Each structure stands twice: as structure tokens, then as C-alpha cells.
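A.B. asks: I need the structure of the sequence given here:
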Amino acid sequence: MNFLQPGFNYKSTFKLALLSATSLFLLTPSVKAVSANNSEQLIPQPQQICPTLKLLPKRSFDTAKYSVYICRGDNNNALGYYVRISKTDNSKITVPITSTTGETYIATKGEIAYAVTPYELQVIKNRRVVLKERVNNAIAGDGQPLAKGCPEGENIFGEAETKSFIVYICGSNLPTNYIAITRSGNRRIAVALSSYNSKGAPEASQYIAVNGDIRYILTRKVLRISDNGQTIIKEKVLRWN
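C.D. replies: Sure, this is the predicted structure:
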């Protein structure tokens with residue numbers, strides 16, 4: 001367009017263009033300018049897990065409903081901190097750890113005790129278990145798995161829980177190993193199966209492992225451990241998978 005052609009009112013046109021630009025500016029959502037040095041403010045930051053940024057998690061445990069972290073200690077609490085985050089509402093509790101045994105961590109606050117191992121999460125109130133969840137994944141700070149049930153490459157033919165043990169029946173094509181984890185201290189017991197019967201009705205299943213004078217007998221109802229023929233432990237199977 002020739003702005004110098006006869007009859008062209010350049011003042012009116014300029015005024016109209018200025019008015020249009022002003023209207024466009026007022027209707028456009030404002031964007032806060034951020035300098036290059038503060039550009040990280042535009043990136044959502046992950047939720048801080050431990051009490052301070054210096055206290056990195058050294059253990060993480062994952063259940064169906066919760067993510068649990070064990071944070072490193074400081075001058076206020078040398079044993080570290082228990083942090084539990086809910087997967088439903090993202091709520092978080094942080095409690096100083098009061099005792100550890102192997103990979104068992106216990107944090108106590110008033111009448112409530114929070115306990116986590118590579119195999120299960122528990123909340124105990126007045127000596128009564130009010131929450132128990134299976135740990136699906138347990139990882140150390142270096143990324144290595146903490147839970148050791150069946151050896152790598154073997155299948156789980158049975159998994160039983162009693163008051164004192166978590167027991168796995170393991171093997172490749174057939175059951176060959178009895179693996180038990182003590183719920184206190186996570187001590188691992190591994191013994192080759194000497195015989196088993198998994199045919200017929202499920203309640204008839206029986207697995208026997210022998211280590212010297214110690215005999216382990218597991219059914220879907222009970223775990224019996226005997227020493228030289230004398231029963232030293234007999235516990236009801238609380239859960240079978």
C-alpha cells in the first residue's frame with residue numbers, strides 16, 4: 001500500500017493500528033519474564049523427601065499405597081529418618097529412627113511405631129498391628145535390590161507368611177529350595193528341599209527341607225521346625241501366595 005497516495009489519511013490509520021496493538025496486549029495472558037539465571041524456576045521441582053537437602057535417602061521401599069524412604073542421619077538423630085509418602089493424597093510423615101537391626105528400620109512417635117523391612121511395612125499402635133503392606137520393591141542408595149527371596153532366575157512356587165518368617169519355595173522347573181527370611185533382623189535361611197508333595201488338593205501341599213539335625217516342614221496351614229526330632233518352632237501360616 002502507498003501511504004503517500006492522494007486521499008490516504010495516515011494519521012487515522014496510525015491511530016487505529018496503535019489502538020489494535022494496545023487491545024491485543026491487554027487480552028494476552030501475562031507471562032512473567034525470567035532471567036537466564038533463574039530459568040530453573042520454570043521447571044517443577046520434585047518434592048523434597050528428607051528433612052534437609054543434605055540428608056539424601058539411603059533406602060527406598062515401595063508398597064501398593066506408600067513410598068517409604070530411610071534418610072541419612074544428622075547431629076539431631078544419628079540413625080536417620082523414616083519418611084512415608086502416601087500415593088493417594090501425597091501426604092507425608094517424617095519420624096526419627098529409633099532402632100535398626102540389619103535392614104529393619106523402626107521409628108517411634110508416641111504410642112505408634114513405624115517398621116519397614118525389604119519385605120513388609122507395618123504400623124503398630126499400642127502393640128497392635130494396625131497396618132501391614134507387602135513391600136514390592138526395596139532398593140539401596142546405590143540402586144541394588146535389598147530383598148532376596150528366590151535366587152535370580154528361579155521361580156516362586158509358594159510364598160508363606162508366619163509370625164516369625166517369610167518363606168519362599170523356589171526352583172527352576174520344579175521346587176528345589178526352601179528359603180526363609182526371619183522377620184526380626186532379616187536373617188536368610190536357605191536349604192535344599194529333600195522332598196515335596198504339591199499334587200492333589202492345595203491343603204495337601206507339603207515341603208520338607210533338612211539341614212543336619214534341623215528339619216523344616218511347610219504346609220499351607222503350618223510351619224514346623226524340629227531339632228533332632230523335637231519340635232522347636234510351630235507357627236500357623238497367616239498368608240499363602
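A.B. asks: grab the nearest non-local neighbour of residue 204.
C.D. replies: Among residues not flanking residue 204 along the chain, residue 197 sits closest, at 6.6 Å (C-beta to C-beta, 6 or more residues apart in numbering). Quick note: C-beta positions are derived from backbone N, CA and C, even for glycine.
A.B. asks: count of neighbours near residue 149?
C.D. replies: 16 (other C-beta atoms under 10 Å).
A.B. asks: kindly report the same for the one 4 residues further on.
C.D. replies: By other C-beta under 10 Å, 7 other residues sit near residue 153.
A.B. asks: if we can go back for a sec, any idea how far the residue nearest to residue 204 is from residue 214?
C.D. replies: Distance from residue 197 to residue 214, counting by C-beta to C-beta, to the nearest Å: 20 Å.
A.B. asks: and if you look at residue 176?
C.D. replies: Counting by C-beta to C-beta, the gap from residue 176 to residue 214 is 18 Å.
A.B. asks: circling back to that earlier point, for residue 197 and residue 214, work out which one has more neighbours and name it.
C.D. replies: Legend: neighbour count by other C-beta under 10 Å for residue 197 and residue 214, higher for residue 214 (14 against 11).
A.B. asks: for that one, which non-adjacent residue is spatially closest?
C.D. replies: residue 227 (5.7 Å).
A.B. asks: I'd say the one you found and residue 211 touch.
C.D. replies: No. Counting by C-beta atoms under 8 Å, residue 227 does not reach residue 211; the two are 10.4 Å apart.
A.B. asks: burial count for the closest residue to residue 213 other than its chain neighbours?
C.D. replies: Using C-beta to C-beta, 6+ apart and skipping residues adjacent in sequence, the residue nearest residue 213 is residue 228, 4.4 Å away. For residue 228, the neighbour count with other C-beta under 10 Å is 9.
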